[in-house]
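A.B. asks: Predicted model and sequence below, questions to follow.
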Amino acid sequence: MSDFAQTLITAIAIGSLYALIALGYTMVYGILKFINFAHSDIVVLGAWSSYSLAVKLMPALGYSLDAVPPIWVSVVILIAAMVFCGAIGFSIERLAYRPLRRAPRLNVLITAIGVSLLLQNVGQLSFVFGASPQDMPPLLSDRTLTTITFGEGESVHQLVIGLVDVVIFATATSLMLIMQYLVFHTKLGVAMRAVSFNTETAALMGIHVDRVVSFTFVLGSTLAAAAGFLIVMKYPSISQPAHTIWVLLGLKAFVAAVIGGIGNVRGAVLGGFVIAFVEQFGAFYISSSYRDVYVFALLILILLVKPSGLLGSPLREKV
Amino acid sequence: MSHSSPETNADISNAEAMTSMPSRFGNAWTALIPIAIGIAIAMLLHFLLPSPQKNYYVKVAQITGIVIVLAVSLNIVNGMTGQFSIGHAGFMTLGGYMSATITYYGSMLLWGSTAKHGGFLGSGEWLFAASCLAGGLFAAVAGYVVGLPSLRLRGDYLAIVTLGFGEIIRVVLQQTAKVIEDPDVLANAGVAELVPPPLGGSLGFSGIPKYTSLFWVYAILTATLVVAWRLKSSSIGRAMISVREDEIAAQAMGVNIARKKVMAFVIAAFFAGIGGGLFAHSTGAVSPKDAGFQQSFDFVIMTVLGGRGSISGVTIAAILLTVLPELLRDFEQYRLIIYALLLVIMMLVRPQGLLGIHEIWDLWPRRRATVPAPTATSSVASLPTPSQELK
């Protein structure tokens, strides 16, 4: 029972991370109809830039790298990483994807793979991030927020809720709420949805399509950066930029977007949690060595049964 | 060499001319002659050049040959049929494991040791050839299974499924048990020792006898190139190309697109499996890592750089991208950056690849492909000539 609840807490924390990343995939797919393979590398960039910032900023402000700094330092690092990744996302769209706006989708997809490989391998260079794993200095104390005890006699169970998990969930949820507000309650959000519905008609209605696309990339990249930051909070040992782990993380987030119904913002959030639950509970109750297999098996199943995803609406082929 | 003239791929009407060829036997001979010549050349190379284990350049030549087999076979799916598979390394690794299992445990059972057995074209080499064939068939079955979702999925969804397939293969292979090294243990092995199969786990399957030689690589390469080329100019290949150009139009013309897609997957996986067998027996080891997407991306980059559907273009790209990194060994960490930049710049500047949908011999003017020179009064002048690209 306590194992179940503990797994549940982990799944919720990880699920909110997947959801954050999946939002970036689903927004870009909704508007430009292609998988932005470089999105997972923006997450990596977010993680590594928060590491570099922390390592440079904390000594400069007079804090030791071993002690936990005040909370505003973490907030500054988070915001700086988000701004940086937003700028990178903007430039990628401007330089690599915009010239291909009218090209076949396969070409854009291949370009995305190229951009992804480029980011990975530039990140591996010794004067950028380097090709060896690093340890994130502690920004949050690893204390447990609360311990819930239940049961009686011999079956006393303890449920540990860590501060990190709560911070991850709270940050991710508030970002998703901001995003929800942006998409559904602002003029820019209306423009985004109009462009994703029909680009030409949106342009005829006076919407500046290029600006909307740029905004989408910036928004997706900032969310990815936040996800990267939260990941290094939970798992302080950061793998090298081109490590398989990152690509798999991005892939699973994409799978989350597909399962929820690609192009659907709420679907991406739902998909993120579904993926995390399947992965965590599968790892706990069946076998942890197959944790990637469950996710892909679920993807193939969903694609065969309901290709438009859980919340997606079926599309008719236009001739 | 072939009966078909190298006009544009979309020219499906010629397919009729191909199928109604009066003598099917004549067709078979035109395929066998180049294969015979290829085998003769491979044999010459084998006897004239030093062994790949001894000479670095010969080793590079051997790896290049295997890479061409893989790139050209991926081109059948990605280039000709227009599907986007990024799990080719998965098929390669499956074939590699299958053939390695057969030669390793086969020679242990037959001859009591895993060392190479017999000389050139001796019994050991025939076991190796049969194991490569088995690897190819096994991969082809997997290709059928992976091809099935392609009936419902298009473009990027399919890409994700093929990517997921490669990852599943990788994870499953990591769960296998340690390789059995003692023939006596193998002889007395029961179900307990064989489940999970002893294929080396995450460390990989090593100690495979190194049977791969220039002869086998170039003989199989010739067969692959001939099959790819004959396929491209056959009615099946033209139907595949029509699927790439426009699925709905192809269906309206009576092309069974589902069948063509699965067929492309099966053929490509078959040759990838054979290529995997060659790889396994050249380095003496296969590892689950080989099935990952990084390896698959290498082959995808080759097909994109070479030109979609262009056999000669992909061959050239495969040679370039295998030989260049060997020359750039001192700049190892910049290798993939150069790769990635090449890919992005190529897509921006020349999205159709080096040769586009053409073959290299299309670049030279030849009499058969000429069209009456348009005069100022001719109304033909505004029509596209057959040698122009449609897109």
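C.D. replies: Looks like it arrived, so ask away.
A.B. asks: In chain B, which helix is the longest?
C.D. replies: helix B:257-283 (DSSP state H).
A.B. asks: hmm, that helix touching chain A?
C.D. replies: No: on the criterion C-beta under 8 Å from any C-beta of the partner chain, helix B:257-283 is out of touch with chain A, staying 12.3 Å away. All C-beta atoms are positioned from the backbone trio N, CA, C, and that covers glycine.
A.B. asks: elements contacting that helix?
C.D. replies: If you count contacts as 3 or more C-beta pairs under 8 Å, 6 or more residues apart in numbering or on different chains; DSSP states H and E, helix B:257-283 packs onto helix B:56-75, helix B:88-111, helix B:123-147, helix B:214-232, helix B:235-245, helix B:247-252, strand B:285-286.
A.B. asks: let's see 6 Å
C.D. replies: helix B:56-75, helix B:88-111, helix B:123-147, helix B:214-232, helix B:235-245, helix B:247-252 (3 or more C-beta pairs under 6 Å, 6 or more residues apart in numbering or on different chains; DSSP states H and E).
A.B. asks: what is the rounded mean pLDDT of stretch B:146-162?
C.D. replies: Stretch B:146-162 comes out with an average pLDDT of 75.
A.B. asks: So what touches that stretch?
C.D. replies: Stretch B:146-162 has contacts (C-beta atoms under 6 Å, 6 or more residues apart in numbering or on different chains) with A:35, A:105, A:109, B:83-87, B:165, B:258, B:261-262, B:265.
A.B. asks: for those, which one is nearest B:Y105?
C.D. replies: B:F165 (25.8 Å; C-beta to C-beta).
A.B. asks: any idea how far the helix or strand harbouring that closest one is from the chain center?
C.D. replies: Using DSSP states H and E, B:F165 maps to helix B:155-174. Between the centre of helix B:155-174 and the centre of its chain there are 18 Å (C-alpha atoms, centre = their mean, to the nearest Å).
A.B. asks: Beyond that helix, next helix or strand please.
C.D. replies: helix B:183-187.
A.B. asks: Now the one residue in the stretch 151-300 of chain A that gets nearest to chain B: closest residue in space that isn't a chain neighbour?
C.D. replies: Going by C-beta to the nearest C-beta, chain B is nearest to A:F296 of the stretch 151-300 of chain A, at 3.6 Å. Using C-beta to C-beta, 6 or more residues apart in numbering or on different chains and skipping residues adjacent in sequence, the residue nearest A:F296 is B:G164, 3.6 Å away.
A.B. asks: any idea how far B:L151 is from that neighbour?
C.D. replies: 17 Å (C-beta to C-beta, to the nearest Å).
A.B. asks: of those two, who's got more company?
C.D. replies: B:G164 (28 against 14; other C-beta atoms under 10 Å in any protein chain shown).
A.B. asks: Next one: that one from A:I275, what distance?
C.D. replies: In terms of C-beta to C-beta, B:G164 sits 13 Å off from A:I275.
A.B. asks: Over to B:L203?
C.D. replies: 29 Å.
A.B. asks: higher neighbour count, these two?
C.D. replies: Set B:L203 next to A:I275 and count neighbours by other C-beta under 10 Å: A:I275 wins out with 29 against 13.
A.B. asks: what's the helix or strand for the more buried one?
C.D. replies: Using DSSP H and E, A:I275 sits in helix A:265-285.
A.B. asks: residues from the stretch 51-200 of chain A in reach of chain B?
C.D. replies: Proximity of the stretch 51-200 of chain A to chain B (C-beta under 6 Å from any C-beta of the partner chain) is limited to residues A:96, A:99, A:103, A:105-107, A:109-111, A:114, A:117-118, A:121.
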